[in-house]
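Participant: With the sequence up front, the predicted model follows.
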Amino acid sequence: MTIKIHLGKLGEKDTKTPSLGAIMEFVTLWASHGEDASLLARICSGAIGLCTDHHSILPRYRPAIHKPLEYGHICLDRLLDQGVTSSRIFEAGSQLLASMAGHLPQEDAVEETMGFFQPSQASSID
């Protein structure tokens with residue numbers, strides 16, 4: 001995933017794909033946030049932090065220390081302090097989350113992998 005996002009005064013930043021565990025946490029929250037704009041702001045800000053970690057403009061996500069929404073709040077505060085508008089946060093974060101979701105294993109792939117590990121009915125041990 002290499003998406004360029006514009007972050008106001010911070011300029012244009014290229015992004016990198018975070019770990020699958022982090023992707024799962026943030027995409028799951030994104031899918032279940034409902035209509036709560038404050039949660040969406042945190043989730044989008046956290047996604048920006050995850051994907052721009054190599055630029056060191058936002059704190060590093062440490063799953064053993066941060067919960068995703070706590071991390072998102074820290075990033076949101078820093079982004080707003082740097083003059084990044086809420087609309088830019090929502091736009092960039094949603095774009096990154098949509099791209100991140102594409103990196104998660106799909107059901108077809110999971111079923112195919114499960115079938116691979118299942119013993120074949122044609123073979124038997126006597």
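Facilitator: Yep, that arrived. Note that the structure is a prediction, hence the values are computed from the model and not measured. Residues are numbered from 1 along each chain as shown.
Participant: Burial check on residue 50, number of neighbours?
Facilitator: For residue 50, the count of nearby residues is 28 (other CB atoms under 10 Å). No exception for glycine: its C-beta is placed from N, CA and C like everyone else's.
Participant: roughly how far apart are it and residue 35?
Facilitator: In this view, residue 50 and residue 35 are 24 Å apart by CB to CB, to the nearest Å.
Participant: quick one: contacts of the helix or strand where residue 26 lies?
Facilitator: Using DSSP states H and E, residue 26 maps to helix 20-32. Outside helix 20-32, the residues that touch it by CB atoms under 8 Å, 6 or more residues apart in numbering are 17, 39-40, 43, 46-47, 50, 61, 63, 68-69, 97, 100-101, 103-104.
Participant: gap between that helix and the chain center?
Facilitator: For helix 20-32, the distance from its own C-alpha centre to the chain's C-alpha centre is 6 Å (CA atoms, centre = their mean, to the nearest Å).
Participant: and what of stretch 41-54?
Facilitator: With CA atoms, centre = their mean as the basis, stretch 41-54 stands 7 Å off its chain's centre.
Participant: And for stretch 66-81?
Facilitator: With CA atoms, centre = their mean, you get 13 Å for stretch 66-81.
Participant: can I have that stretch written out in PDB, keeping just the CAs?
Facilitator: The C-alpha coordinates for stretch 66-81 follow below in PDB (Å, rounded to 0.1, in the frame of the first residue of the first chain):
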ATOM      1  CA  HIS A  66      -2.100   1.700  23.700                       C
ATOM      2  CA  LYS A  67      -5.600   0.700  23.000                       C
ATOM      3  CA  PRO A  68      -6.600   1.700  19.400                       C
ATOM      4  CA  LEU A  69      -9.000   4.400  20.400                       C
ATOM      5  CA  GLU A  70      -6.500   5.800  23.000                       C
ATOM      6  CA  TYR A  71      -3.800   5.900  20.300                       C
ATOM      7  CA  GLY A  72      -6.200   7.500  17.900                       C
ATOM      8  CA  HIS A  73      -7.000  10.300  20.400                       C
ATOM      9  CA  ILE A  74      -3.300  11.000  20.800                       C
ATOM     10  CA  CYS A  75      -2.800  11.200  17.000                       C
ATOM     11  CA  LEU A  76      -6.000  13.300  16.600                       C
ATOM     12  CA  ASP A  77      -4.700  15.800  19.200                       C
ATOM     13  CA  ARG A  78      -1.300  16.000  17.400                       C
ATOM     14  CA  LEU A  79      -2.800  16.300  14.000                       C
ATOM     15  CA  LEU A  80      -5.100  19.100  15.100                       C
ATOM     16  CA  ASP A  81      -2.200  20.900  16.800                       C
END
